[in-house]
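J.: What follows is a predicted protein model with its sequence.
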Amino acid sequence: MSTQGLVSLAALAALAAISPPALAHHSTAMFDFEKTVEITGSVKDFQWTNPHSWTNVEVQSGAAADVYGLEGMSPNYLARNGWTKHTLNPGDKITFAVHPLKDGRKGGFMVSAKLADGTLLYNLPHFDRPDAAAAREAAATGNAPGASPPAPRP
Amino acid sequence: MKNSFLAALAVLAVAACTPAKPAAESTQSAPDPATQKWAALAKYPDWTGVWEVDWRNSRGMPAKPAMKLTTEYQAKADAYRAAQKQGENLQSDAANCVPPGLPGIMTQPYPIQFLYQPDKIVMIIESYMQFRQVWTDGRTHEVDPDLTFYGDSIGFWDGDTLVVDTIGLNPQNRVAAGVVGHSGKLRVVERIRRVDHDWLEIETTLTDPEVFAEPYTSTTSYRRLDDNIREYICLENNRDSADEQGRPGIKLE
């Protein structure tokens, strides 16, 4: 992820992000949830599909453009939180906050999208509250409070 | 042939001449048994809406208690966890769109809807688009049931609480994250109650003599959403995967 167009964002890293709805289908193992980077580019397509939405973003890299693949929350979650299939459109210039892939390929999990007019849309659920760290830990272990029981620890 | 045709005509003629029954008479007669069965559902608690796990724990539910496993299953859980340090067991088959079965299906991110029928209650579960049937017609469990993802469920009403008793569960189902499998003797008892307008609680007790040193009971809180169940086809555009050792994968193109 050392490509041009990616900038570490300390402010966004401090944002308490939590993703239980994403975790039911899979763990966050392939994404670096400790790290948040910024990608600015042009939306190639926005796939409004289950089990995850998917956005391909073209990021200019010199004369060529790299395509970044961003996994996002499902239409089921997003539609209940104000998104529609028209929220992102091909050609839109967007700045995405992303938890990058650990393997270094061009992609990650979409945290948020900042539209050209400055509107900030959260994709991942985010908890802005004092116990957010505990909530994030719960999400990382797949055991949100009040949900599935914690696995026994040795 | 000709005679029967004439006879049919005669019947029609008589029917045409018979005056219609007065309306008052038809309303006074007892409803037929099928109608009575459906009408009887009105006495059950109203669980209209869809119900979603309270991920934000806005009611401040206590943390789940620790599971007490048998020596055998604790060793299995320890080995599973140790392998995670080697990069294995980081992803389950759910990433390949295999549904979790019971009990895991009840604590997924998307909501559940309850449909009442005279002989059963059907749970429509948005995650993976699954359903469960709970027989409420007084039947007993199947003898030697097939072991399936959702098992054999029978239920009865204890006041305003629906009690669901399930056996016959697939040993592949996980009782918790990090605890792989069970003996096939897993029993799940759920006590489901609407506590007020916006909240439903499910107290779940898991027993399996080979897995648990003592029965495990936990309570999950569900928030009512004024919404419907949405479609969720996991294989529509699944880019995630787990290999046989539980290593995660993702397809970019």
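T.: Yep, that arrived.
J.: in chain A, which spans are strands?
T.: A:6-8, A:37-47, A:53-61, A:64-72, A:93-100, A:107-114, A:120-122 (DSSP state E).
J.: Now render those strands as JSON lines, adding mean pLDDT, distance to chain B and mean neighbour count.
T.: C-beta: built from backbone N, CA, C; applies to glycine. Converted to JSON lines, the strands of chain A look like this (pLDDT from 0 to 100; distance: least, CB to the nearest CB, whole Å; neighbours: other CB atoms under 10 Å in any protein chain shown):
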{"stretch": "strand A:6-8", "mean pLDDT": "36", "distance to chain B": "16", "mean neighbour count": "14"}
{"stretch": "strand A:37-47", "mean pLDDT": "97", "distance to chain B": "6", "mean neighbour count": "19"}
{"stretch": "strand A:53-61", "mean pLDDT": "97", "distance to chain B": "6", "mean neighbour count": "20"}
{"stretch": "strand A:64-72", "mean pLDDT": "97", "distance to chain B": "4", "mean neighbour count": "20"}
{"stretch": "strand A:93-100", "mean pLDDT": "97", "distance to chain B": "12", "mean neighbour count": "22"}
{"stretch": "strand A:107-114", "mean pLDDT": "96", "distance to chain B": "5", "mean neighbour count": "24"}
{"stretch": "strand A:120-122", "mean pLDDT": "94", "distance to chain B": "14", "mean neighbour count": "15"}
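J.: Would you convert the ones you listed into JSON lines that also reports distance to residue B:139?
T.: Formatted as JSON lines, the strands of chain A follow (distance: least, CB to CB, whole Å):
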{"stretch": "strand A:6-8", "distance to residue B:139": "60"}
{"stretch": "strand A:37-47", "distance to residue B:139": "45"}
{"stretch": "strand A:53-61", "distance to residue B:139": "43"}
{"stretch": "strand A:64-72", "distance to residue B:139": "45"}
{"stretch": "strand A:93-100", "distance to residue B:139": "49"}
{"stretch": "strand A:107-114", "distance to residue B:139": "46"}
{"stretch": "strand A:120-122", "distance to residue B:139": "48"}
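J.: of those, which approaches residue B:229 most closely?
T.: Residue B:229 lies closest to strand A:53-61 among these, at 18.8 Å (CB to CB).
J.: name the helices or strands packed onto the closest one?
T.: Under the contact criterion of 3 or more CB pairs under 8 Å, 6 or more residues apart in numbering or on different chains; DSSP states H and E, strand A:53-61 touches strand A:37-47, strand A:64-72, strand A:93-100.
J.: Partner strands of that strand and their direction?
T.: The strands beside strand A:53-61 in its sheet (DSSP bridges) come out as strand A:37-47 (antiparallel), strand A:64-72 (antiparallel).
J.: is the closest residue to residue B:243 other than its chain neighbours in a bridge, and if so with what?
T.: Closest residue to residue B:243 in three dimensions, ignoring its sequence neighbours and counting by CB to CB, 6 or more residues apart in numbering or on different chains: residue B:249, at 6.7 Å. On the basis of DSSP bridges, residue B:249 is bridged to residue B:241.
J.: Does residue B:249 touch residue B:241 like I think?
T.: Yes - with contact defined as CB atoms under 8 Å, residue B:249 reaches residue B:241; the gap is 4.0 Å.
J.: got the helices and strands packed on strand A:53-61 as CSV, with distance to residue B:76 columns?
T.: As requested, those are exported to CSV (distance: least, CB to CB, whole Å):
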stretch, distance to residue B:76
strand A:37-47, 38
strand A:64-72, 31
strand A:93-100, 31
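J.: Looking at those strands, which is nearest to residue B:99?
T.: Closest among the helices and strands packed on strand A:53-61, once you apply CB to CB, is strand A:64-72, at 20.1 Å.
J.: which other residues reach the closest one?
T.: For strand A:64-72, contacts defined as CB atoms under 8 Å, 6 or more residues apart in numbering or on different chains pick out A:3, A:5, A:22, A:31, A:39, A:41-42, A:44, A:52-59, A:78, A:96, A:98, A:106-110, A:123, B:239-240, B:250, B:252-253.
J.: so residue B:221 sits in a helix?
T.: No - going by DSSP: H, G, I helix; E, B strand; the rest coil, the assignment for residue B:221 is strand, not a helix.
J.: That one and chain A: what is the separation?
T.: Per CB to the nearest CB, to the nearest Å, residue B:221 is found 5 Å from chain A.
J.: Wait, that residue touches residue B:198, no?
T.: No - assessed by CB under 8 Å, residue B:221 is found out of contact with residue B:198, at 10.2 Å.
J.: who has more neighbours, those two?
T.: Counted by other CB atoms under 10 Å in any protein chain shown, residue B:221 and residue B:198 do not tie: residue B:221 has more neighbours, with 21 against 16.
J.: Which residue is the nearest non-sequential neighbour of the more buried one?
T.: In space, and not counting its chain neighbours, residue B:221 is closest to residue B:54: 4.5 Å by CB to CB, 6+ apart.
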